[in-house]
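A.B. asks: Build me a structure from this.
(3 chains)
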Amino acid sequence: KRHLLEGDRFSGFLSRMALNDNKAGMEGLDRDKINKIIMKFSKGSRFYENEMKKEQQVNQRIERMMLQKAHITEQQLSKAQTQVENMTFDLERVRDLSRVIVHVDMDAFYAAVETRDCPDLKDKPMAVGSMSMLTTSNYHARKFGVRAAMPGFIAKKLCPNLVIVPTNFDKYRAVSAEVQEIFADYDPHFLPMSLDEAYLDISEHLEQRRVWPEALRTHRLRTNDTGTATSVSVPGQESTVEGLSPVLFEDSPSSSSCPFLQDAPGGGAGGDVMVFGTCAEEAVREMRFRIEQKTSLTASAGIAPNMMLAKVCSDKNKPNGQYRLPSNRQAVMVFIQDLPVRKVSGIGNVTEKMLGALGITSCIHLGQEMALLALLFSETAWHHFLEISLGLGSTHIERDGERKSMSTERTFGEMVALEEQFSLCRQLCQDLAQDLQKEALRGKTVTLKLKNVNFEVKTRAWTLPCAVATSDELFAVAKDLLKTEIDNVSPQPLRLRLMGNLNLPSLTGLNGVYHWKKILNITFNVCCIYQ
DNA sequence: GGGGGAAGGACCA
DNA sequence: TTCCTGGTCCTTCCCCC
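C.D. replies: I've put the predicted structure just below:
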């Protein structure tokens, strides 16, 4: 097993730095060439050195796990097997296939919004973000290996013609609100995960929809100034009319079967209308159609009996496509078999590597090795693995309860001067206090976060007897935490590159009435260089 | 042995 | 020249009762 790890280390470069091609639009590109370029411009940097260090820690973790595995006895294994079987039985008994859960994901959202508002960008590789970090890239850019969470300067090496557009969150928020209005028509309790993503439970909608007259399932194509319908990507058909808005993505081939494109009987101002059916797929197709009509942006969707599966499904026919997994156990199990574990939300880089070391790459292996996993991982972890291997997930979506923490942090060039560090600390406290005030929240634990120029992160926390909220109260704690850290490295200076501040729940009086309010974790992040 | 706090990480968008 | 931000949840260690 040692050889496996060594092999990994010599396999060329760090897996965490290398191109991650499990995102849509990344198929069939020259991985070797791209990885060579990424390495060439990353190697030797402080960031890279820190990534190396983290990778080695993961490798050590895996070695410890393999050692543990070597000591497992047949008896332990069979005992664990019984436990797994009992647990499986309990889970199967309450398997719920009755809900219709949809996961909707806007395609390359920020990039799509920017392209819509600046059609010159349409045929160019572009990304949204800055030279230090990209948040999204369009599909042209993805062909060069340019992806989200890649620094812009590396992306420029991969694709010298890349256009980088700065982020404009206010705009994305506004578009997101428009999209969410449509979501609400299908599920008033939909759960937004971010500006570009949401879960919906459309079970009730489908119930009503079954008896809807055609008129309620008919949607007019948006018209432009001259009264002609603007272009829209009708599934399985050529765009009928050239319009003002760019079609950002062709419909993906796999999501065929489509609603009727008809001439409106009554004529009216426009002309073309779309009529959608009553089933889940038609409802979701209609929703995506309406999103595109309203915003000129496309979305992808997954339809499944639970959230975990819906999320995987929405990725299947991305961009501008949808996929439905039928609501029966057999179909779910077949779908799960070959699914790479990494595709499941919650399994990231590290878990993938740990499972990989055990020979587990797809969900079928997960089920086969469950007894072993029960012995090597924590209870929460293996229970989670078991649910995945059975294709189970949350069947009712809940809006988040109260928030657990609130924080603010900032990255900057190397900062060594004490006055500067304290004044930044004060600024962050002010910013956080403002945010806390907006939601009328207080926090009991104040956390100072520091990152030094070598990308090493430290957090230092202090819990108060009662919750605080004002800038002065926060700073009183944060400055002591900062001072302690400075004293610890003195006489060397703290060489920071990031500082942040986090505040946790309490009982606070509001308008004379007592409400349960979360005491937040206050984090205050300062970046320094320790030597 | 359990609860709470502190520190560090994994993971997500 | 440049590798983010703001969340949640989990794990491990330690102390205290």
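A.B. asks: buried ones in stretch A:427-444?
C.D. replies: Using 16 or more other CB atoms under 10 Å as the test for burial, stretch A:427-444 gives A:Gln427, A:Leu428, A:Cys429, A:Gln430, A:Asp431, A:Leu432, A:Ala433, A:Leu436, A:Leu441, A:Arg442, A:Gly443, A:Lys444. (C-beta placed from N, C-alpha, C; glycine too.)
A.B. asks: I'd like the residues you listed written out as CSV, with distance to A:Ala299 added.
C.D. replies: CSV is the format used below for the buried residues of stretch A:427-444 (distance: CB to CB, whole Å):
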residue, distance to A:Ala299
A:Gln427, 39
A:Leu428, 36
A:Cys429, 40
A:Gln430, 38
A:Asp431, 33
A:Leu432, 34
A:Ala433, 38
A:Leu436, 34
A:Leu441, 33
A:Arg442, 38
A:Gly443, 36
A:Lys444, 40
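A.B. asks: Now, the residues you listed that are in strands?
C.D. replies: A:Arg442, A:Gly443, A:Lys444 (DSSP state E).
A.B. asks: from those, which is closest to A:Gly302?
C.D. replies: Ranked by distance to A:Gly302 (CB to CB), those are led by A:Gly443 at 36.8 Å.
A.B. asks: Now do the strands for the stretch 1-150 of chain A: every range, in order, please.
C.D. replies: A:101-106, A:126-129, A:134-137 (DSSP state E, counting those that start in this stretch).
A.B. asks: Can you list the strands that the last one pairs with?
C.D. replies: Partner strands for strand A:134-137, per DSSP bridges, with pairing direction: strand A:126-129 (antiparallel).
A.B. asks: and chain A, which of its residues are near DNA strand B?
C.D. replies: Counting by CB under 7 Å from any atom of the strand, the positions of chain A adjacent to DNA strand B are A:54, A:57-58, A:61, A:149, A:193-197, A:311, A:344-352, A:445, A:447, A:457-463.
A.B. asks: which one among the buried residues of stretch A:427-444 gets closest to DNA strand C?
C.D. replies: Of all these, A:Asp431 has the smallest distance to DNA strand C: 7.7 Å, by CB to the nearest atom of the strand.
A.B. asks: Okay, strands next: where are they in the stretch 401-531 of chain A?
C.D. replies: Using DSSP E, counting those that start in this stretch, strands in the stretch 401-531 of chain A cover A:405-415, A:442-452, A:457-468, A:496-503, A:506-510, A:513-517, A:519-528.
A.B. asks: What is the most widely separated pair among the buried residues of stretch A:427-444?
C.D. replies: Based on CB to CB, the longest span within the buried residues of stretch A:427-444 runs between A:Gln427 and A:Lys444 and measures 22.3 Å.
A.B. asks: low pLDDT regions in chain A?
C.D. replies: When residues are selected by pLDDT under 70, those of chain A lie in A:1-14, A:20-29, A:224-271, A:400, A:504-531.
A.B. asks: Would you pull up the residue in it closest to DNA strand C?
C.D. replies: A:Ser378 (2.8 Å).
A.B. asks: List the residues that contact that residue.
C.D. replies: The contact partners of A:Ser378, by CB atoms under 8 Å, 6 or more residues apart in numbering, come to none.
A.B. asks: try it again with 10 Å
C.D. replies: A:His384 (CB atoms under 10 Å, 6 or more residues apart in numbering).
A.B. asks: Got phi/psi on it?
C.D. replies: When read as degrees, to the nearest 10, the backbone of A:Ser378 gives phi -70, psi 170.
A.B. asks: Could you report the distance from it to DNA strand B?
C.D. replies: From A:Ser378 across to DNA strand B, the span is 11 Å (CB to the nearest atom of the strand, to the nearest Å).
A.B. asks: ends of stretch A:295-309, how far apart?
C.D. replies: Distance across stretch A:295-309, first residue to last, is 27 Å (CA to CA, to the nearest Å).
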